[in-house]
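Student: build me a structure from this.
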Amino acid sequence: MNMNNKFSLLIMMLILCSCNNKDSQHRQQGMLLNKDTVTNMSTSPFVEVIERGVEEFIRYVAELELGTPLKEKVFALYFYNKDGDTYVMMFAAPYYMKEMIKGYTYIDGCTFVYYGEESVGDKYIDKNKLLPYHDTLPGFSDYDELPVGHYDSYGIEFQIVNSDSLLIVRKGML
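Tutor: Okay, here's the model as predicted:
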């Protein structure tokens, strides 16, 4: 799959994630993470508000008990703007998209890759603390290396309310 197709796939995924699905049992509007839910990730490349979202995301994925250890999943952060608001989508997948990686890091034994609109995400990530991507992500397969199949990613979509608060917009299949 060429880069344009991969980018189109990611954009399509974002569009689908952004659609209102009021009947979804996974939608959890109004759940706010703020300063009161501070975590200790001293070497994290993420600003404090994103650290809290990462901590919530790790807990969420661990509680799903899907039979695959967390260390075998790539956790992705994708930042974007929509209708004047800023969002970060965190999702789990068994692969990564090498053309999209801006860098990666390890948090609590989990591998996180940074995708997205750099003009948006760079406000929330210290790229100097990210590991640079060079041709491979140790222990994981690139999307192009996987057998043909369908994989529904799951995760959490947050709205970044301000520098202190995240609002959980959706949890579940993205």
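Student: how close does Lys123 get to Pro45?
Tutor: 12 Å (Cβ to Cβ, to the nearest Å). The C-beta positions use only the backbone N, C-alpha and C, and glycine is treated the same way.
Student: between those two, who's got more neighbours?
Tutor: Neighbours were counted for Lys123 and for Pro45 using other Cβ atoms under 10 Å; Pro45 has more, 21 against 13.
Student: and that one, how close does it get to Ile58?
Tutor: Noted for Pro45: a distance of 15 Å to Ile58, by Cβ to Cβ.
Student: repeat for Asp85
Tutor: Counting by Cβ to Cβ, the separation of Asp85 from Ile58 is 24 Å.
Student: for these two, indicate the residue with more neighbours.
Tutor: Shown here are Asp85 and Ile58; by other Cβ under 10 Å, Ile58 has more neighbours (20 against 12).
Student: and the more buried one, that's in a helix?
Tutor: Yes: in this structure, Ile58 lies within a helix as judged by DSSP: H, G, I helix; E, B strand; the rest coil.
Student: what sits against it?
Tutor: Shown here is Ile58, whose contacts under the criterion Cβ atoms under 8 Å, 6 or more residues apart in numbering are Leu70, Phe75, Ile107, Asp108, Cys110.
Student: in which helix or strand does the second one reside?
Tutor: Assigned by DSSP states H and E, Phe75 falls within strand 74-82.
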